[in-house]
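Engineer: The sequence and its predicted three-dimensional model are supplied below.
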Amino acid sequence: MSDDNAGTTGTTAGTTTGTTTGTATAPAGTTAGPRMLEVAGLSAWYGEARVLTDVSIDVAPGEVVTLVGRNGAGKTTLLRSVMGLHRQTEGTITLDGSDLAKRSADARARAGIGWVPDDRGIYSSLTVAENLLLPPVVHPDAWSLEKVYEFFPVLHERRDFPGTKLSGGEQQMLAMARVLRMGSRLLLLDEPSEGLAPVIVQRIGEIVREIKGQGVGVLLVEQNVKFASTVADRHYLLAQGKVVEHLGNEEFRAREGELLTYLGM
Amino acid sequence: MSEFIQYTLQGLAAGGFYALSALGLAVIFGVLGVVNFSHGACYMLGAVISAVLLGELHVGFWVALVVVPILMFGFGVLMERLLVRWLLALDPLYNFLLTFGLTLILVEAVKQRYGVSGLPYEVPAGLTGQVSIGSVNLSTYAIFACLFSVVVCVAVGLLLTKTRIGMIVRASTEAPERTRALGINVGRWVTPVFGFGIALAGLAGVLAAPTRAITAEMGSNFIIILFAVVVIGGLGSILGAVVAGFLVGLVEAYGIAYAPTYAQIVIFVLMALVVLVRPSGLFGREEVA
Ligand SMILES: Nc1ncnc2c1ncn2[C@@H]1O[C@H](COP(=O)(O)OP(=O)(O)O)[C@@H](O)[C@H]1O
Ligand SMILES: [Mg+2]
C-alpha cells in the first residue's frame, strides 16, 4: 500500500517546489521512501476567511518535518485539519495511502495520529496516570506504562497528582508521553518548546530524536528556528496560509539568520 | 436542641433529593453541554410513576426504587435519541428551550390524567414511625432517605473516579473535542449518560414520593431550587452538585423552621453570596474550560 503512494509523492514534491519562491530546490528527503502523511492541495476557511491556500506537505515514517511561520500563518489550523477537528477544508489528506476525509477525529486518532495541542491539553480532572491511560492503545509498538515512567521519571513521581498540577515543561512531557503510550505513528506537535526553559527544550529535542528512531513520523510546528534545526529533516515555511519555502535541514541552517528576520524574531 | 436535630435531618433528607438530581443535571451538562430544564419534570415523573405503580398495580416502594430509575433511564434514552440529539450541534439555548417545552407537556399530561389534587403515597412498611435517640425522635423514613441518597452519591462518585467509564465521562466533561482527538468516541457515551442523569432525577422522585404531595407541579419549584444548587456548587462540578444539594436542603429546612416567610428567599440569598465570593461556585473550576 505504502509503496503505491511513492508514485504520487513525486507529484506532491513537484507541486510543493512549484509554490516555493524558486530559490529552494526540493530537499532530497521528499522524493525517497513511502509517505505516511500526505496533505495535497489543502485549503481551509473560518467562515468566509480563508486561512490556508493549496497547502501540500508530506511526512515519511521516522522523519521529522517542521512547519515554521509567524503567528497566524495557519500552522495550528493545518494540524487541526489533519486531526479532523477543523472541517471547513478542501483538498485531500491521506494517512498511509488511505483518505481521511470521512473519518472522525477519534477514528483518525485510532488510525495512529497523535495530537499534542499548543495548550498541551492536560486534563485537570484526571490524575497524571489517568491522563496517560485515557487514550486507547492503537498500535503494537505503543509504549508500555513502565516504559513511559522509565523515560519520564517525574511522571511516575507525580502519577497521582491532578494533571494540571505539573509545571509547564512536565505537562509538555505528559502530553507527548500520552500519545506515545497510545502508540501513535504520526505525532502532530504544536509548538512544544513554547514558553519552556532551554534545558527542557533540549529534553524535548531528545524525546523527538528518540521517537524518530522508532519510525514514528513527526510534524512539528515551531517558531523556535534554532530548536527546529536541531531535530528536523525538512522544513516547510508557511506564510499567510501558503507554503512559501520547502527546505532541507542543511539549507535551513545556512539561512537561519535570514529566516529569523523573516519570522520577526 | 431536639427540634434543631429534627430540622437538620429533614434538611439532609430533602438535600438528598437535590443532590441526586443535581448530580444527574451535572453529568448531563458535562457530557452533552445541555442544561436539562425538564429535570424537575423527570423528578415529578419518578414520584408519579411510583404512585401509579402502587395505586393501580399494587407495586410497592421497594420495587419502585429499582423499577422507576430503569423506566426513567429508558425515558431519558428516548428523549436523547428522538429530541435532544438533533439540537446538540446548535446553540445550547435550543436544547434548553426544547426541554422547557417538554416540561410543559409532561406537566400538562400528568394534570390531564391524574388531576391536580395529588396522588396518595404511604411511607413503606418498615420505615414508618420514629427512631428515638436519647431524647430526640427522628423520622425513620427521613433517616433512610438521607442515608440512601448518600450511598447512591458515593456509589456514583466511585463510578466516576474509579472506573474507565468514569474517566471518560470526566475527560469529555472537561474537554470533549480534545477527548475525541485522543481516540475516544465521545458520542457513544452521550445517550447512556443522558439516560443515567434522568434516572437519577427519577430516583429522587421515588425517594421523595412518601414525603411530598405528588402533583404534576411538584417539579416546578424543584427545578428552580435545583438551578440554585448547581450555581452554588459550580456548574459542571460533580462534587459541587452533591455538597450544594445537601447544603441547600439544610438551609431550606432551617428557613422553613425558623423564618417561614423567608424560607425560599434564604436559598437565593445563599446563592447570591456564593456567587459574589466565588463566581464559579463552591467547587467550580476557576479557569474557563
Ligand atoms: N476559531 C477561529 N475562528 C476564526 N478565525 C480563526 C480561528 N482560529 C484561527 N483563526 C485565524 O486563522 C488564522 C490562522 O490561525 P492559526 O492556524 O491559529 O495560526 P498559527 O497557529 O500559525 O498561529 C489566523 O488569522 C487566525 O486569526
Ligand atoms: Mg498556533
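Structural biologist: Thanks, I have the structure now. Numbering: from 1, shown residues only, chains lettered A, B, ... in the order given. Ligands and ions are numbered 1, 2, ... in the order given.
Engineer: Could you list the contact residues of the stretch 151-289 of chain B toward chain A?
Structural biologist: Residues of the stretch 151-289 of chain B that fall close to chain A, judged by CB under 8 Å from any CB of the partner chain: B:167-168, B:170-171, B:173-175, B:177-186, B:285, B:287. Glycine gets a C-beta too; all of them are placed from N, C-alpha and C.
Engineer: Going along the chain, name the helices of the stretch 101-250 of chain A.
Structural biologist: A:105-110, A:128-133, A:145-151, A:153-157, A:168-182, A:198-213, A:225-231, A:249-254 (DSSP state H, counting those that start in this stretch).
Engineer: Go through the ones you listed and name the closest to chain B.
Structural biologist: helix A:105-110 (3.5 Å; CB to the nearest CB).
Engineer: Who's the closest spatial neighbour of the residue in the stretch 151-289 of chain B positioned nearest to ligand 1, skipping the chain neighbours?
Structural biologist: Closest residue of the stretch 151-289 of chain B to ligand 1, CB to the nearest ligand atom: residue B:177 (11.8 Å). In space, residue B:177 comes closest to residue A:85 once its chain neighbours are excluded; the distance is 6.1 Å by CB to CB, 6 or more residues apart in numbering or on different chains.
Engineer: sorry, back to before: out of the residues of the stretch 151-289 of chain B next to chain A, which are buried?
Structural biologist: Buried residues within those, counting neighbours by 16 or more other CB atoms under 10 Å in any protein chain shown: B:167-168, B:170-171, B:173-175, B:178-186, B:285.
Engineer: Restricted to helices, list those residues.
Structural biologist: Counting by DSSP state H, these place B:167-168, B:170-171, B:173-174, B:178-181 in helices.
Engineer: one step back: which one of the helices of the stretch 101-250 of chain A lies nearest to residue B:203?
Structural biologist: helix A:128-133 (27.8 Å; CB to CB).
Engineer: residues making contact with the closest one?
Structural biologist: Contact with helix A:128-133 is made by A:122-123, A:145, A:148, A:155, A:158-163, A:166, A:174, A:177-178, A:181, B:167, as judged by CB atoms under 8 Å, 6 or more residues apart in numbering or on different chains.
Engineer: re earlier: surely the residue of the stretch 151-289 of chain B closest to ligand 1 meets residue A:86?
Structural biologist: No - using CB atoms under 8 Å, residue B:177 makes no contact with residue A:86, being 10.5 Å away.
Engineer: between those two, what contacts are shared?
Structural biologist: Contacts common to residue B:177 and residue A:86, judged by CB under 8 Å, 6+ apart, are absent.
Engineer: At which residues are the helices of chain B located?
Structural biologist: Under DSSP H, chain B gives helices at B:2-32, B:39-57, B:61-79, B:85-87, B:92-114, B:140-162, B:164-174, B:176-181, B:187-208, B:218-233, B:238-258, B:263-277.
Engineer: Can you tell me, leaving aside adjacent residues, what's nearest to the residue of the stretch 51-200 of chain B found nearest chain A?
Structural biologist: Distance from chain A to each residue of the stretch 51-200 of chain B (CB to the nearest CB) is smallest for residue B:183, at 3.5 Å. Distances taken as CB to CB, 6+ apart place residue A:109 nearest to residue B:183, at 3.5 Å, with adjacent residues excluded.
Engineer: ok, now how distant is the one you found from ligand 1?
Structural biologist: 20 Å (CB to the nearest ligand atom, to the nearest Å).
Engineer: per-residue confidence at that residue?
Structural biologist: Listed pLDDT for residue A:109 reads 97.
Engineer: So what's the residue count around it?
Structural biologist: Residue A:109 has 27 neighbouring residues, counting by other CB atoms under 10 Å in any protein chain shown.
Engineer: doesn't residue A:138 make contact with it?
Structural biologist: Yes - between residue A:109 and residue A:138 there is a contact under CB under 8 Å: 7.2 Å.
Engineer: Find residues that contact each of these two.
Structural biologist: Contacts common to residue A:109 and residue A:138, judged by CB under 8 Å, 6+ apart, are A:182, A:184, B:183.
Engineer: Next, give phi and psi for the last one.
Structural biologist: Pointing back at residue B:183 there. phi 90, psi 10 (degrees, to the nearest 10).
Engineer: Could you tell me how many residues sit around the closest residue to residue B:23 other than its chain neighbours?
Structural biologist: In space, and not counting its chain neighbours, residue B:23 is closest to residue B:241: 5.1 Å by CB to CB, 6+ apart. Neighbour count for residue B:241, taken as other CB under 10 Å: 31.
Engineer: Just to check, residue B:241 is in contact with residue B:29?
Structural biologist: No - counting by CB under 8 Å, residue B:241 stays clear of residue B:29, with 9.4 Å between them.
Engineer: Now do the shared contacts for these two.
Structural biologist: In contact with both residue B:241 and residue B:29: residue B:230, using CB under 8 Å, 6+ apart.
Engineer: where does the stretch 1-150 of chain A dip in pLDDT?
Structural biologist: Along the stretch 1-150 of chain A, the model assigns pLDDT under 70 to residues A:1-33.
Engineer: Output the shared contacts of residue A:109 and residue A:138 as JSON lines; include the columns pLDDT.
Structural biologist: Output for these, formatted as JSON lines (pLDDT from 0 to 100):
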{"residue": "A:182", "pLDDT": "97"}
{"residue": "A:184", "pLDDT": "96"}
{"residue": "B:183", "pLDDT": "96"}
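Engineer: sorry, back to before: which SS class is the residue nearest to residue B:177?
Structural biologist: coil (DSSP: H, G, I helix; E, B strand; the rest coil).
Engineer: what's the burial count for residue A:101?
Structural biologist: Neighbour number of residue A:101 under other CB under 10 Å is 12.
Engineer: Backbone dihedrals for it, please?
Structural biologist: phi -50, psi -50.
Engineer: what about the helices of chain B, which gets the closest to residue A:45?
Structural biologist: Of all the helices of chain B, helix B:176-181 comes closest under CB to CB, at 18.5 Å.
Engineer: Am I right that residue A:38 is in contact with residue A:58?
Structural biologist: Yes - look at residue A:38 against residue A:58 with CB under 8 Å: they come within range, at 4.7 Å.
Engineer: and these two? which has more neighbours close in?
Structural biologist: residue A:58 (27 against 24).
Engineer: Can you tell me the SS state at the more buried one?
Structural biologist: Under three-state DSSP, residue A:58 falls in the strand class.
Engineer: That'll do, ta.
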